[in-house]
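K.L.:
Need coordinates for the below:
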Amino acid sequence: MTPINPPDEFLKHAAECQQMAKTTRNPASKETWNRMAERWLQCAERAKSQSVTTRPRMPVRRQPESTSALY
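P.N.:
The predicted structure follows:
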């Protein structure tokens, strides 16, 4: 099973909304689809910025202290 990448999922939804906006003839529907696409793009940007700031950090490996230096 492939792990879900939220920014990619949001971008996919935005592209689907953009496609719907292109194919609809009703101006009100077109506007709605475009607004939805914009919201999905905003979600993708937020998810990208959050994943950068909340990425788990690698633990710091410390070198064991030499016991001979203490004597």
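K.L.:
buried ones in the helix or strand of the chain with the lowest mean pLDDT?
P.N.:
Scoring the helices and strands of the chain by mean pLDDT, DSSP states H and E places helix 27-53 at the bottom, with a mean of 94. Buried positions in helix 27-53, judged by neighbour count with 16 or more other Cβ atoms under 10 Å: Trp33, Asn34, Met36, Ala37, Trp40, Leu41, Cys43, Ala44, Ala47. All C-beta atoms are positioned from the backbone trio N, CA, C, and that covers glycine.
K.L.:
elements contacting that helix?
P.N.:
helix 6-23 (3 or more Cβ pairs under 8 Å, 6 or more residues apart in numbering; DSSP states H and E).
K.L.:
List the contacts of the helix it packs on.
P.N.:
Here helix 6-23 makes contact (Cβ atoms under 8 Å, 6 or more residues apart in numbering) with 29-30, 33-34, 36-38, 40-41, 43-45, 47-48, 51.
K.L.:
ok, now stretch 26-40?
P.N.:
Taking Cβ under 8 Å, 6+ apart as the rule, stretch 26-40 contacts Phe10, Leu11, His13, Ala14, Ala15, Cys17, Gln18, Met20, Ala21, Thr24.
K.L.:
Return the members of those residues classed as buried.
P.N.:
Phe10, Leu11, His13, Ala14, Cys17, Gln18, Met20, Ala21.
K.L.:
Against Asn34, how distant is Lys22?
P.N.:
Distance, Lys22 to Asn34, by Cβ to Cβ, to the nearest Å: 10 Å.
K.L.:
Oops, could you answer that again for Thr2 instead?
P.N.:
Distance, Thr2 to Asn34, by Cβ to Cβ: 30 Å.
K.L.:
What of Cys43?
P.N.:
For Cys43, the distance to Asn34 - Cβ to Cβ - is 15 Å.
K.L.:
do the same with Gln42
P.N.:
13 Å.
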